[in-house]
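Chemist: coords please:
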Amino acid sequence: MEDILSLSIGILRERKVRAALTILGVMIGPAALVSIVGATRGYMNVISEQLTSLGQNTIVVFPAKGYELSNTDMDRLRRIPGVVYVTAFYQSVGEFRKLDGEETRVQVYAIDLTVLMKAIGGLEVEEGSIPPSKAYTSCLVGSELVTSSKSGAKLYGVGSAITVRIPIIESENVKLKISSFRIAGILKPYGTIMIVNPDRSIFLPLDAGPSMLGQKRYTGIFLVAGSPDRVEYIVSRIRDLYGDYLDIISIKQIAKTVNNVMKILDILLFSTSSISFAVAVTGVMATMFTSVMERTKEIGVMKALGFTNRQVMLLILSESLIISLIGGIIGVAAGVIGSYILTNRSLTIVEGIAIVATPIISIDLVLSAILLSLSVGMVGGLLPALRASKLQPVEALRYE
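Modeler: Below is the predicted model of the structure:
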């Protein structure tokens, strides 16, 4: 077997250009598979982790069909068995100009800040403290808003004043209201989640909604269940109470759906990327058929010297397998680099919400790419190997 491998490697060295082109055709498959699947798994993993961090026991409801939420709704939802915390919230989008001149859009929320800290798992105050409920002009701010995105220098501290332009609807007209807030606390860097981006948000006490945001109606209501096991029951009870008049977002259900989508997407991407392996089979097969034709006399001499059909077949197969193995290894390496290139830029879902991910290159993905590459060599080299093994020495020696 060692002699056959040595002979195969020597033959490939003699035909370097053809072998290199065939290897290039083989490497496209594993490169595409590893880069696309690795990058996609990285993004989906970040989405799944962020949904989990938001809290599997968090439920958010929004009014639908012109329905208006009120304190009565909060009391009604609070009485549902399993609900631990309930808070309404106001939401608006503002324009914020930093001290360094950078302008950015920010989400401004008026919410019970104590419940907010419980609803979003891992959300912590890095500096300062949570402002009291009656401190309408005091706020918590995200980490990105107090630092310069250009230099990374800190622009604001606890006690600093910030000014935000907030659109307010008056008599069907929209005007910008300039509101100033005092920073009571700065949040630790958190990262983007699907519903809210704490790093680029301003959080005010709930009672500040009407006066500071100019809103008379609640945007929605946050509910926190005692445990994730109670979420489905609570969602069911809300549907029974309100029917289609409330839109319900259950973080647990979203996370479950995302996980199912991840599995399906993983299979689809794997299948789609595998098509390039089928193309590589024809390339390997063409190369090996050409090699067999060029070496017909050589094969005849080998058989005349005592080489068996099995040895000749193994010789041709070993050549195609070596080509595929080299192509697979180079393809995997190129795929790893490609996956980092694909995830080099953040993926923007909606304005203000972007995901930064690191590709997930698992052992099973690498092994799958290598095994598929070897299967390309096996399938592509099988017919040429069979043809070479069946050549008769006399006929092979007469071949021109």
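Chemist: which residues sit in contact with residue 148?
Modeler: By CB atoms under 8 Å, 6 or more residues apart in numbering, the residues touching residue 148 are 98, 100, 102, 154-155. C-beta coordinates here come from the backbone N, C-alpha and C atoms, glycine included.
Chemist: mind running it again at 7 Å?
Modeler: When contacts are counted by CB atoms under 7 Å, 6 or more residues apart in numbering, residue 148 touches 98, 100, 102, 155.
Chemist: Could you give the number of residues near the third one?
Modeler: Yep, that's residue 102 we're talking about. 12 (other CB atoms under 10 Å).
Chemist: same deal with the second one?
Modeler: Residues near residue 100, counting by other CB under 10 Å, number 12.
Chemist: Can you pull the phi/psi pair for the closest residue to it other than its chain neighbours?
Modeler: Spatially, and ignoring its direct neighbours in sequence, residue 100 is nearest to residue 148 (4.7 Å; CB to CB, 6 or more residues apart in numbering). Residue 148 adopts backbone torsions of phi -80, psi 130, taken as degrees, to the nearest 10.
Chemist: Model confidence for residue 148, exactly?
Modeler: Per-residue pLDDT puts residue 148 at 87.
Chemist: Figure out how far stretch 166-180 is from the centre of its chain.
Modeler: 37 Å (CA atoms, centre = their mean, to the nearest Å).
Chemist: Next, the buried residues of that stretch.
Modeler: Residues of stretch 166-180 classed as buried: 166, 179 (neighbour count, 16 or more other CB atoms under 10 Å).
Chemist: Looking at it now, give me its mean pLDDT.
Modeler: What stretch 166-180 shows for mean pLDDT is 78.
Chemist: Could you do stretch 236-245 as well?
Modeler: Average pLDDT, stretch 236-245: 91.
Chemist: ok, which stretches of this structure are strands?
Modeler: 58-63, 83-97, 103-111, 125-128, 138-141, 161-170, 173-187, 201-204, 220-225, 246-250, 347-350, 353-355 (DSSP state E).
Chemist: domains of this structure?
Modeler: Domain ranges of the chain: 2-51+256-398, 58-226, per automatic domain parsing.
Chemist: Distance to residue 243 added to those domains, as TSV?
Modeler: As requested, these are exported to TSV (distance: least, CB to CB, whole Å):
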stretch	distance to residue 243
domain 2-51+256-398	22
domain 58-226	9
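Chemist: and those domains, which one's lowest on average pLDDT?
Modeler: Across these, domain 2-51+256-398 gives the lowest mean pLDDT, at a mean of 75.
Chemist: how far is it from where the chain is centred?
Modeler: 26 Å.
Chemist: From residue 335, how far out is residue 20?
Modeler: Remark: distance between residue 20 and residue 335 (CB to CB, to the nearest Å) = 19 Å.
Chemist: Which one's more surrounded, those two?
Modeler: residue 335 (29 against 14).
Chemist: was I right about that one contacting residue 35?
Modeler: Yes - between residue 335 and residue 35 a contact is recorded at 4.3 Å, counting by CB atoms under 7 Å.
Chemist: Quick one: closest of the strands of the chain to residue 26.
Modeler: strand 347-350 (30.2 Å; CB to CB).
Chemist: Can you show me the helices along the stretch 251-400 of the chain?
Modeler: 251-294, 296-304, 309-342, 363-389, 393-398 (DSSP state H, counting those that start in this stretch).
Chemist: Residue 183 - how many residues pack around it?
Modeler: With other CB under 10 Å as criterion, residue 183 counts 22.
Chemist: Torsion angles phi and psi at the closest residue to it other than its chain neighbours?
Modeler: In this structure, residue 183 finds its nearest non-sequential neighbour in residue 160, 5.0 Å apart by CB to CB, 6+ apart. When read as degrees, to the nearest 10, the backbone of residue 160 gives phi -70, psi 160.
Chemist: Distance of residue 160 relative to residue 122?
Modeler: From residue 160 to residue 122 the distance is 25 Å (CB to CB).
Chemist: show me the residues around the residue nearest to residue 142 when sequence neighbours are not counted that make contact.
Modeler: Distance criterion CB to CB, 6+ apart; nearest residue to residue 142, sequence neighbours excluded, is residue 199 at 4.1 Å. With contact set as CB under 7 Å, 6+ apart, residue 199 has these partners: 142-144, 189-191.
Chemist: re the thing from before, hang on, isn't the residue nearest to residue 183 packed against residue 184?
Modeler: No - the criterion here is CB under 7 Å, and residue 160 misses it with residue 184 at 10.3 Å.
Chemist: related to what we said a few turns ago, make CSV out of the strands of the chain and add distance to residue 258.
Modeler: Below are these laid out as CSV (distance: least, CB to CB, whole Å):
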stretch, distance to residue 258
strand 58-63, 15
strand 83-97, 23
strand 103-111, 22
strand 125-128, 29
strand 138-141, 28
strand 161-170, 32
strand 173-187, 25
strand 201-204, 22
strand 220-225, 19
strand 246-250, 12
strand 347-350, 12
strand 353-355, 12
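Chemist: so which of these gets nearest residue 25?
Modeler: strand 347-350 (30.7 Å).
Chemist: How much space separates the residue nearest the centre of the chain from residue 94?
Modeler: For the chain, the residue nearest the mean C-alpha position is residue 43 (1.0 Å; CA atoms, centre = their mean). Per CB to CB, residue 43 is found 29 Å from residue 94.
Chemist: contact partners of stretch 109-120?
Modeler: 54-55, 58, 85, 87, 89-91, 123, 130, 140, 198, 201, 203-206, 208-209, 212-213, 222, 224.
Chemist: so the nearest residue to residue 204 once chain neighbours are set aside bridges to which residues?
Modeler: Distances taken as CB to CB, 6+ apart put residue 110 closest to residue 204, at 4.5 Å, once the chain neighbours are dropped. Listed beta-bridge partners, residue 110: residue 90, residue 204 (assigned using DSSP bridges).
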